[in-house]
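**Q** Following is a predicted model, sequence given first.
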Amino acid sequence: MNHPADHPPVPSPRIGVLLVNLGTPDAAEPRAVRRYLAEFLSDRRVVEIPQILWQPILRGIILTTRPKKSAHAYAQVWSEQGSPLAAITREQAAKLQGAFGEGVIVDYAMRYGNPAIQERLAALKASGCERILVAPLYPQYCAATTATANDMAYAGLAKMRWQPALRTLPPYHDDPAYIDALAGSLNESLSRLDFVPDAILASFHGMPERTLRLGDPYHCHCRKTGRLLAEALGRELLVTFQSRFGRAKWLEPATDVVLAGLPAKGIKRVALVAPGFSADCVETLEELSIRGRETFLEAGGTDFASLPCLNASERGIDMLKIILRRELAGWV
Ligand SMILES: C=CC1=C(C)c2cc3[nH]c(cc4nc(cc5[nH]c(cc1n2)c(C)c5CCC(=O)O)C(CCC(=O)O)=C4C)c(C)c3C=C
Ligand SMILES: [Fe+2]
Ligand SMILES: [Fe+2]
């Protein structure tokens, strides 16, 4: 009798590393943005309101108004390689592939939109990966980001007869390699500025405040990253939260409110960094770099700089190599 399970499809088992980020529309136009937002904002990990109440609001109000506005924001940051988030994540995977070499396949996927997590997991398995590290690239753990990415990976495995072994990357908000990379990158960016900032803001993506009370560690992780980064820099950092969405109370202080209030306190030169984003995206390139600048200058600020994320810089890739390799212990 033939036992296909005794015969692996490739001679040597391989290791897969799947980088995961949030996701982005396929094009900077309202239809593509609507499709993306419909998937994203229907995720129960993201909007924790009963679906029977939420879906009419989503379909009737948000998806009829927001796609046009968001598409405009995306159009302002779109590149020849497409959405910055997708282009940078692709580049991170390619550079890490070069760093890991044979025996490890590095791929990337998005929680919403393309390439889908389940599709890339299946592709890794088909390429002979019997062990896969799923790496949501969120330094600070959050149910709305890390957990939902992992949920999708587990759901992909639930459809497989012959599953690969799975590990997931834990949050790395206080990892010395991450803090060092941020501090090095920030110092380098500051040295290139033609002004000396009176204050540095570390802006993290916001979350409904309620999630903090429900036990999500996100807020604490952000504060800890902020504290460790300030210690590494030897100077004060203002931790703020951006991208408020909806009517609920979000984590404070809000980045835009702080930016608008600083000039009146005599702080007229500001540098802004977004340590929670592993790749620049519409939230850093449009909300911070474009709208944040406008807010600050209109309030009387004189100098404003929004500094790049770690992205696929040498420093960023070296840091990812360290934290990913650690999770592969015993596998490679
Ligand atoms: C880095 C961590 C992130 C957390 C935490 C997060 C929570 C969160 N976000 C929304 C709503 C939106 N976020 C949007 C874009 C977006 N969000 C993150 C990251 C986090 N979100 C990234 C990296 C991006 C950029 C995607 C890109 O394509 O560049 C958007 C879409 C843009 C827009 O229409 O403004 C929305 C909407 C909620 C509701 C939430 C927590 C509950
Ligand atoms: Fe978001
Ligand atoms: Fe935003």
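**A** Yep, it's here. Ligands and ions are numbered 1, 2, ... in the order given.
**Q** Number of residues surrounding W162?
**A** Look at W162: counted by other CB atoms under 10 Å, it has 10 neighbours. In short, each C-beta sits where N, CA and C put it, glycine included.
**Q** repeat for D194
**A** As a burial measure, the neighbour count of D194 was computed by other CB under 10 Å and equals 6.
**Q** and it, what is it in contact with?
**A** Applying CB atoms under 8 Å, 6 or more residues apart in numbering, we find D194 in contact with no residue.
**Q** Please determine how far it is located from A305.
**A** Counting by CB to CB, to the nearest Å, the separation of D194 from A305 is 9 Å.
**Q** now swap in G113 and tell me
**A** With distances taken as CB to CB, G113 is found 31 Å from A305.
**Q** what do you get for T148?
**A** T148 is 33 Å from A305, where distance means CB to CB.
**Q** what does R244 give?
**A** Using CB to CB, R244 is found at 23 Å from A305.
**Q** Same question for H72.
**A** Shown here: H72 relative to A305, a distance of 24 Å by CB to CB.
**Q** Out of these two, name the residue with the larger neighbour count.
**A** Under the criterion of other CB under 10 Å, the comparison of H72 against A305 puts A305 first, with 19 against 14.
**Q** Spit out the contact partners of the more buried one.
**A** Residues counted as contacts of A305 (CB under 8 Å, 6+ apart) are S189, L193, F195, P197, V270, A271, L272.
**Q** Then G226?
**A** Neighbouring residues of G226 by CB under 8 Å, 6+ apart: A202, F204, L237, V239, P275.
**Q** ok, and the most crowded of those?
**A** Neighbour counts for the contacts of G226 peak at P275, which has 28 neighbours (criterion: other CB under 10 Å).
**Q** Now do the SS call for it.
**A** Reduced to three states with DSSP: H, G, I helix; E, B strand; the rest coil, the structure at P275 is coil.
**Q** Check V106 too.
**A** strand.
**Q** what does the stretch 101-250 of the chain have sitting close to ligand 1?
**A** Within the stretch 101-250 of the chain, the positions near ligand 1 by CB under 6 Å from any ligand atom are Y138, C142, A144, T145, H205, M207, P208, S243, F245.
**Q** what helix or strand is the last one on?
**A** Assigned by DSSP states H and E, F245 belongs to no helix or strand.
**Q** burial count for the residue in the stretch 1-150 of the chain that ligand 1 sits nearest to?
**A** Using CB to the nearest ligand atom, the single residue of the stretch 1-150 of the chain nearest to ligand 1 is T24, 3.0 Å away. T24 is surrounded by 27 other residues when neighbours are defined as other CB under 10 Å.
**Q** wait, what's in contact with it?
**A** With contacts taken as CB under 8 Å, 6+ apart, T24 has the following neighbours: Y36, Y74, S83, L85, A86, M110, Y112, G113, C281, V282.
**Q** doesn't P84 make contact with the last one?
**A** Yes. Applying CB atoms under 8 Å as the test, V282 and P84 come out as touching, 7.5 Å apart.
**Q** is it true that V17 lies in a strand?
**A** Yes. Using three-state DSSP, the secondary structure at V17 is a strand.
**Q** Just the pLDDT for the spatially closest residue to the residue of the stretch 1-150 of the chain closest to ligand 1 that is not a sequence neighbour.
**A** With CB to CB, 6 or more residues apart in numbering as the measure, S83 is the residue that lies nearest to T24, at 4.0 Å, once sequence neighbours are left out. If you check S83, the pLDDT there is 98.
**Q** wait, D256 sits on Q242?
**A** Yes. D256 is within contact range of Q242, at 7.1 Å (criterion: CB under 8 Å).
**Q** Looking at these two, which one has more neighbours?
**A** Set side by side, D256 and Q242 show unequal neighbour counts under other CB under 10 Å, the larger going to Q242 at 26 against 20.
**Q** And the strands in the stretch 1-150 of the chain, which stretches?
**A** Counting by DSSP state E, counting those that start in this stretch, one finds strands in the stretch 1-150 of the chain at the ranges 14-23, 104-112, 129-136.
**Q** actually the stretch 201-332 of the chain, not the one I typed
**A** According to DSSP E, counting those that start in this stretch, the strands that the stretch 201-332 of the chain contains are 238-242, 269-273, 303-306.
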